[in-house]
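[1] dropping a prediction and its sequence here:
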Number of protein chains: 2
Amino acid sequence: MTLLVSGWVAIDDIETPFEKRDGLLGGSATPAAMGAALFTDVRLLAAVGEDFPDKSRKLFEGKNIDLDGLVVVPGAKTSRWGGRYHYDMNTRDTLFTELGVNADWQPSLPKGWEATDSIFCAAGDPVVQRALIGGLEGPRASMVDTIKLYIDAAGEEFRTTIGAADFVAINDSEARMLAGTASIAKASSVLLETGTKGVVIKLGEYGAAYRSGDDYFVAPGYPLEDVIDPTGAGDAFAGGFMGFLDSVAEITPAAIRRAIVYGSTVASFQVEDFGPARLLTLTRDEVEARYRQFRSLTHFEVDG
Amino acid sequence: MTLLVSGWVAIDDIETPFEKRDGLLGGSATPAAMGAALFTDVRLLAAVGEDFPDKSRKLFEGKNIDLDGLVVVPGAKTSRWGGRYHYDMNTRDTLFTELGVNADWQPSLPKGWEATDSIFCAAGDPVVQRALIGGLEGPRASMVDTIKLYIDAAGEEFRTTIGAADFVAINDSEARMLAGTASIAKASSVLLETGTKGVVIKLGEYGAAYRSGDDYFVAPGYPLEDVIDPTGAGDAFAGGFMGFLDSVAEITPAAIRRAIVYGSTVASFQVEDFGPARLLTLTRDEVEARYRQFRSLTHFEVDG
């Protein structure tokens, strides 16, 4: 099975209350692709500039990630992002965004990738997201993510794109804003009205909630003693979710629940170190062990 | 079995973005006692003034709640609290607090109640909480709650009191503050160092986490489409938790997990209407049905 991951590959400078790291391999597509590659074969679709370091490219190698779609645009610079986290590690300020190559470049489906089985579109222009999904020959699963910028700029387009995707992943604050309600349960109902099959509400350190027409599932956040760098947690979640889903024989409600927990598992590893460091060494065995911990964390008896 | 519930019985004026209600029966002990009474026999320990309405007292009747400890203090006025909720229903402003009788009155164990099986002390002076627990002839379970006021005013006393109780219930923001860490997992570790057996971190709409020396459990919030009045959710949780725990033959780790879910269940009903309205009509059958919904909300397979 193959999963297309579309998004940004960027260079990040990250400050936390405890440490500062520059020049990290980041962007939405990086944790999504690395998280998904634990479960399935990934096709990465992203653009970088001529300045993209060879050592950063090398980090994607040897990981079930097809780099034919990692385009180097002549004369362009790699996107850069700088962020500073507050003491609670849940909120952050953007220090700078250098769009670079992503100011103009729009992803389009590379020739020969039309038969890719599944697709995850990280946050981006909803019209482009829809075109990518529509370019596939009937994917078995598709998911789009978004951020406030695209909801503000293209609310209606975004709704149409959600409706064209099987799943949407969205932060709880953005879901509340988009749906115009304080209730997450009601917000997910409103999002389902777009026609999407399933809504994943990302709750940050509190986990994730999933809602479809006939299912409602909530997974907690994994209780980490130390969060080192929260950057990319949502995209790592999406990578784990779509990577697992792409790997199963049949996409049943039970498989979707398992995918939510696998996504939460990958996200919990992502935040254990700066940038891509933890996912670079993460093994499927480690993922399986933590998945079972999620089970023991949430299990309770119905009849005592 | 019997559970002592100590706290405030007050009259609340509540404003939400949608509605305003005055003269509601409130205070910490009200939802705690009513929640617990679904599971066990409750002994209510609280003080009101001569102005306490007879119709409010009547609301406690016919509910397994012993009112011998509901003291009417001559010449005193019933405590009153006014609060206004923000749009997200998670944050609120206190509009006024009239301490009334609770400015001076301190609860002490009524004669004949020394053999009460379990005790829940809602937020209050930690020295008094400790005296109440110490006055019982070896309760099988004890829990204290707190709020920022008492942590700020009596941090060390509060730590000693936590250590003397089997369980402490605390909001996540207060746990982070008390433990001096952003991590809930680390905060619960720090709180365990006081000597308490189990720490319940209340996560508001995101549910509750429980940590002991050898267990970690997380229950989600129940996904309500409409939260009418969040007042008293934490105390209703504690009432459900301690009420259920008081009713079981043996307090095992599995029973504690079930108690967390019963607490979450009672809390989810508490917020469905203003003041005590929902708990007044709530039946054990409704509680059991929602408890099973919590199970279906969180269950996932380990091997697909």
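    The structure has been received and is ready for your questions.

[2] what parts of the stretch 1-150 of chain A come near chain B?
    Contacts of the stretch 1-150 of chain A with chain B, taken as Cβ under 8 Å from any Cβ of the partner chain, map to A:87-90. Where C-beta positions appear, they are placed from N, C-alpha and C, glycine not excepted.

[3] one more time with 10 Å, if that's ok
    A:17, A:85-90 (Cβ under 10 Å from any Cβ of the partner chain).

[4] output those in TSV, with secondary structure, pLDDT and distance to A:Leu25 appended to each entry.
    Converted to TSV, the residues of the stretch 1-150 of chain A next to chain B look like this (DSSP: H, G, I helix; E, B strand; the rest coil; pLDDT from 0 to 100; distance: Cβ to Cβ, whole Å):
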residue	secondary structure	pLDDT	distance to A:Leu25
A:Pro17	coil	90	22
A:Tyr85	strand	95	18
A:His86	coil	91	24
A:Tyr87	coil	82	26
A:Asp88	coil	79	26
A:Met89	coil	81	21
A:Asn90	coil	79	23
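
[5] buried ones among those residues?
    By neighbour count, with 16 or more other Cβ atoms under 10 Å in any protein chain shown, the residues of the stretch 1-150 of chain A next to chain B hold A:85, A:89 as buried.

[6] identify the farthest-apart pair in the residues of the stretch 1-150 of chain A next to chain B.
    Within those, two members stand farthest from each other by Cβ to Cβ: A:Pro17 and A:Asn90, at 12.0 Å.

[7] so what sits against both of those two?
    Shared contacts of A:Pro17 and A:Asn90, defined by Cβ atoms under 10 Å, 6 or more residues apart in numbering or on different chains, are found at B:Ala182.

[8] what's near enough to touch the residue nearest the centre of chain A?
    Geometric centre of chain A, nearest residue: A:Asp235, 2.2 Å, by Cα atoms, centre = their mean. By Cβ under 10 Å, 6+ apart, A:Asp235 lies in contact with A:5, A:7-8, A:26-36, A:120, A:122-123, A:145, A:169, A:266-267, A:270.

[9] so A:Leu132: helix, strand or coil?
    Assigned by DSSP: H, G, I helix; E, B strand; the rest coil, the conformation of A:Leu132 is helix.

[10] okay, strands next: where are they in the stretch 1-150 of chain A?
    A:2-6, A:10-15, A:20-26, A:41-49, A:65-66, A:70-73, A:80-85, A:92-98, A:118-121, A:141-145 (DSSP state E, counting those that start in this stretch).

[11] to A:Ser188, which of those lies closest?
    Taking Cβ to Cβ, strand A:141-145 is the member of the strands of the stretch 1-150 of chain A nearest to A:Ser188, at 14.8 Å.

[12] check which helices and strands the closest one sits against.
    strand A:2-6, strand A:118-121, helix A:126-135, helix A:155-164, strand A:167-171, strand A:198-202, helix A:233-247, helix A:253-270 (3 or more Cβ pairs under 10 Å, 6 or more residues apart in numbering or on different chains; DSSP states H and E).

[13] so how far is it from its chain's centroid?
    Strand A:141-145 sits 9 Å away from the centroid of its parent chain (Cα atoms, centre = their mean, to the nearest Å).

[14] that strand versus helix A:253-270: what angle between them?
    Relative orientation of strand A:141-145 and helix A:253-270, computed by axes from the mean of the first three to the mean of the last three Cα atoms, to 10 degrees: 40 degrees.

[15] and the angle from strand A:141-145 to helix A:126-135?
    Using the same axes, to 10 degrees: strand A:141-145 against helix A:126-135 is 170 degrees.

[16] before we move on, the earlier item: now the helices and strands packed on strand A:141-145 as a markdown table including mean pLDDT?
    As requested, these are arranged in a markdown table below (pLDDT from 0 to 100):
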| stretch | mean pLDDT |
| --- | --- |
| strand A:2-6 | 98 |
| strand A:118-121 | 98 |
| helix A:126-135 | 96 |
| helix A:155-164 | 89 |
| strand A:167-171 | 96 |
| strand A:198-202 | 97 |
| helix A:233-247 | 98 |
| helix A:253-270 | 98 |
